[in-house]
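J.: fold the following and give me the result.
(chains A and B)
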Amino acid sequence: MRGTLGRFLLWRLAGAVAFVLVVSSTSLLLVRLAPGDAVSDLKLTAPDASVVESARDRLGLNRPAWQQLFAWLWGLPQLDLGTSSRFGRSVGPLVLDRLANTGLLAGLALLIATTIGITLGTASGAWLGATGRRSVGIASVALVACPPILFALLLLTLASGPNAIVSSAPGDLALPLLALGLPLAAVIERLQSRAASDALQLPHIRVAAARGVPNSRLVWVHTLRSSLSPVLGVYGIIIGTLFSGSVAVEVITTWPGIGRLMLDGLQSRDVNLVAGCTLAGAGMIALGNLAADLIRAVVDPRVREAV
Amino acid sequence: MKKTPAILVIFITSALAGAGWYYVTHRAGAGAGDDAAFGGLGGQVTVAYRSEPRTFNRLVAAQTAEDLVARLTQATLVRLNRATGEIEPRLATSWTGSPDGLTWTLRLADGVSFSDGTPFTSADVVFTFQALFDERVKSEIATSLLIEGKAPQVRAVDASTVVLILPATYGPGLSLLDAVPILPRHKLQASLEAGTFREAWSVTTPLSEIVGLGPFVMDRYVPGERLAFRRNPNFWLKDDRGRALPYLDSIELQFVADVNTEVLRLQNGQADLTSAQVRFEDLSALKALESRGQLTIYDAGVSIAPDMMWFNLHPASSTASDRPWLQDAGLRQAISESVDRSALVNTVFLGEAVEIGGPITPGHKSWFASELAPPPLNRAAAAQRLSAMGLIDRNGDGMLDDARGRPVRFSLLTQKGHTVRERSAAILQEQLRQIGIGVDVVPLEVRTMIESWSKNAYDAIYFAIEFDSFDPARHLDFWLSSGAFHFWHPRQTSPATLWEASLDEVMRKQATTLDPAERRRLFVEAQKVLAANVPVLYFAAPKVMLATSARVRGATPSVLVPHLLWNAERLSVADPVTKR
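T.: Just a heads-up that it's a prediction; the model follows:
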């Protein structure tokens, strides 16, 4: 089993590295090849063309795009992500700093989403009566239908004024956490609700019920354990959604994460910064997927065998 | 009668004097004059700000963020009062000019020190001008300070006196000094000598190394997040009541990437100010908050930076040979006559704008010439002009065609995400369709648009830029054919057209004339040349609406940027948490 799992892990790891490199290289090339660059605005104010040219030289924009890509890739093993034209400092520390913030936000949002989603989902699928089930269902569908950007704006509006119940001060985690976590909790709740409802029909649950196992134990132990697989199966997708959703949420709520940094990079056509942020974001998604795959492989031998 | 002990008299007198002094210097709203706008000493103002400085070295960056940082942390010899348009003393407390206006002797304030305690002397002024015009520095603000293409000279008479020698008579006079922050020689001389001045004071420089004479010093910078300033304890100015300026303990710029977030931050009380004007679509919501006592809204006056539409008039552009009618003044005059300016004012600006036909608006104060009214709406006359150019409907589809049978159609680039510009461009598109001209509106990200402009790869652009002075002679880059902001055909080596040669001549004369009445007459003449040839089309100038939280006191709104922070040392808050 150890050999199979090791092979599985190696295979997935190689895929993850390739994914990260392809995505970040593509982002570098796209930013580089788009019209306009980091020094375009200098063309309005520079006293002469030599200032623009010297800035382009300094930022490596006078080199062909492929040369800049190879230089960037060459720096990767040495953990050198280049210098940001926007902030005038090394991209590596900038990205790491923001990645920690996004990691905190995404990690806590995932925790909240999982806790709320699994609990409410199990309750609505196997515990609550029709009214409770319907109420939870309506709330979840509304949240699922609401993109994080809209939900963040809605929360920010609710946080306005002296009687605000949520603090929206820059650096406060509450608002971005709710904006990111609640829609995901709704997604998990819907999945878990269906899975819990289906699990009630499983033979061993029915046998347990027939043997007189108390209803609370039947639902919160037996059914819960038997219904977790679908949620675990989409955890990789959920982690991807977390990072894409965090871009919008970070911008709206001014949370200093990788999403806002990425937007800054895109707006200022900062080739190295965009590539660095993409590398970090793609890396997190790849790691998340890897972790989810690994858990599934450990839990379900059929997944390992499929490799 | 028992005599009062002398010690008691002294004690009571001292107590009364102390109480009086405290009353005068600390009581909010006490007395008349500027105290009505005084909140208290101490506290912080938080600003939601959308741009971020790329350097802390003002001489090598001409963008608004660097200008704001310089205005907060540095001081100039004189300052343009952005509310009145008058020049007022700063580091120079008095000055005298020679009769020919070429030589100015400026007396510097005594006892002034930089924020690190180093005394300020005339050597710092001389050093600043040396750096400004050093060939290796290639300062981005130096070109706007050249007079007849030559740099002004500064020499020190003694430690407290400098002489400014202008290369030619200069109408705006000392107002050019408003753009020059005086830098510390003791901190920057080495980099100037080493030829690394352009790289000095970058955003990675430790903030303790960046010293200045301004009201604030930089305290903390988190890239992409915030830039905090604390009061400069060595700032030398005091208010009329002898209170040390600035009133505030700190100012914090919080960088927000999105205009909606900026407005929401103001609405929910997390920001006291925003960097930009209030969008007209947000005005009613903000007015509702004002009526509830949460915000204060200011009408600073009519903007001096209205949106403009210009065509590519570069002779080497593809339009010159492919569709020559795009460079014909007749087309631009027809457009000017056929656009219903009132529709723009009422729909885009919700009535909070005035109709204009040229770049000078009522916001330019005495430079505005009311006799130069925009052309009245006259689509029949516009159709005649177009017909005379050979642009007629040849296939009966309701749209005009040129002599080769191709539709009269052009692309109009504008700034993506700028709602006012996008809406204005859409209205222009609709109105021009009524006279048979097709317009393809292309919203682009600003850098892409600048790239198209710099490569002459465009038909027409709808955009605007900010100006930092009311005086037209401070913006010769726009008026002169050699100017970088002569948008329709910038940086000409010699005037491409007769009217541009004439415009150059009038504006050069205007800039080098000292008599205000003659300068105004010449400027009206220049505007007439521009109006006759309409290289740039103007339709409406909005009011500059600004907003602060209700706790902010002492705001002096201006149509010039930075609208509310140009006078930051006199801002205060009604509820300073930490009182001095």
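
J.: the helix ranked longest in chain A close to chain B?
T.: Criterion DSSP state H: the longest helix present in chain A is helix A:91-126. Yes. Contact of helix A:91-126 with chain B (Cβ under 8 Å from any Cβ of the partner chain) involves A:94, A:98. Every residue, glycine included, has its C-beta placed from N, CA and C.

J.: against which helices or strands is that helix packed?
T.: Judged by 3 or more Cβ pairs under 8 Å, 6 or more residues apart in numbering or on different chains; DSSP states H and E, the packing partners of helix A:91-126 are helix A:130-145, helix A:174-199, helix A:229-233, helix A:235-253, helix A:258-267, helix A:271-299.

J.: which one of the residues in the stretch 251-400 of chain B is closest to chain A?
T.: B:Asn268 (3.7 Å; Cβ to the nearest Cβ).

J.: hang on, the earlier thing: deepest-packed of the helices and strands packed on helix A:91-126, please.
T.: Highest mean neighbour count of the helices and strands packed on helix A:91-126: helix A:258-267, a mean of 25 (counted as mean count of other Cβ atoms under 10 Å in any protein chain shown).

J.: send the alpha carbons of that one over as PDB?
T.: Output in PDB follows, covering the C-alpha atoms of helix A:258-267 (Å, rounded to 0.1, in the frame of the first residue of the first chain):
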ATOM      1  CA  ILE A 258      -2.600  38.100  -2.500                       C
ATOM      2  CA  GLY A 259      -5.700  39.000  -4.500                       C
ATOM      3  CA  ARG A 260      -5.300  42.800  -3.900                       C
ATOM      4  CA  LEU A 261      -1.600  42.500  -4.700                       C
ATOM      5  CA  MET A 262      -2.400  40.700  -7.900                       C
ATOM      6  CA  LEU A 263      -4.900  43.500  -8.900                       C
ATOM      7  CA  ASP A 264      -2.300  46.100  -8.100                       C
ATOM      8  CA  GLY A 265       0.100  44.200 -10.300                       C
ATOM      9  CA  LEU A 266      -2.300  43.900 -13.200                       C
ATOM     10  CA  GLN A 267      -3.300  47.600 -13.000                       C
END
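
J.: now do that helix: everything it contacts.
T.: Residues from elsewhere that reach helix A:258-267 (Cβ atoms under 8 Å, 6 or more residues apart in numbering or on different chains): A:31, A:84, A:86, A:94-95, A:98-99, A:101-102, A:243, A:246-251, A:254, A:270, A:273-274, A:276-278, A:280-281, B:52, B:224, B:257, B:445.

J.: how distant is the longest helix of chain A from the center of its chain?
T.: Offset of helix A:91-126 from its chain centre (Cα atoms, centre = their mean, to the nearest Å): 8 Å.

J.: pull out the buried positions in it.
T.: Under the neighbour-count criterion of 16 or more other Cβ atoms under 10 Å in any protein chain shown, helix A:91-126 has A:91-92, A:94-95, A:97-99, A:101-103, A:105-106, A:109-110, A:112-114, A:116-126 buried.

J.: quick one: average pLDDT of that helix?
T.: Mean per-residue pLDDT for helix A:91-126: 90.

J.: that one versus helix A:271-299: what angle between them?
T.: Put simply, helix A:91-126 runs at 40 degrees to helix A:271-299, going by axes from the mean of the first three to the mean of the last three Cα atoms, to 10 degrees.

J.: quick one, helix A:91-126 and helix A:174-199 angle?
T.: 40 degrees.

J.: surely B:Trp104 meets B:Thr169?
T.: No. Using Cβ atoms under 8 Å, B:Trp104 is not in contact with B:Thr169; the gap is 11.6 Å.

J.: so what's the residue count around the closest residue in space to B:Glu86 that isn't next to it in sequence?
T.: In space, and not counting its chain neighbours, B:Glu86 is closest to B:Leu80: 7.7 Å by Cβ to Cβ, 6 or more residues apart in numbering or on different chains. If you count neighbours by other Cβ atoms under 10 Å in any protein chain shown, B:Leu80 ends up with 26.

J.: doesn't B:Leu176 make contact with B:Leu80?
T.: No. Using Cβ under 8 Å, B:Leu80 is not in contact with B:Leu176, being 9.7 Å away.

J.: write out the residues of the stretch 201-350 of chain B neighbouring chain A.
T.: Applying Cβ under 8 Å from any Cβ, we find that the stretch 201-350 of chain B lies next to chain A at B:202-204, B:222-226, B:254-258, B:260-261, B:264-265, B:267-270, B:294.

J.: pLDDT on whatever helix or strand A:Ser27 lives in, on average?
T.: Using DSSP states H and E, A:Ser27 maps to helix A:2-33. Regarding helix A:2-33, the rounded mean pLDDT is 87.

J.: tell me the buried residues in whichever helix or strand comes after that helix?
T.: Going down the chain from helix A:2-33, the next helix or strand is helix A:42-45, by DSSP H and E. Under the neighbour-count criterion of 16+ other Cβ under 10 Å, helix A:42-45 has A:42-45 buried.

J.: how far does helix A:42-45 sit from the chain's center?
T.: That offset, for helix A:42-45, works out to 37 Å (Cα atoms, centre = their mean).

J.: kindly report the same for stretch B:280-299.
T.: Worked out by Cα atoms, centre = their mean, stretch B:280-299 lies 24 Å from the chain centre.

J.: check what contacts that stretch and list those residues.
T.: With contacts defined as Cβ under 8 Å, 6+ apart, stretch B:280-299 is touched by A:161, B:263, B:266-267, B:269, B:278, B:348-350, B:352, B:419-420, B:542-550, B:552, B:555, B:557, B:564.
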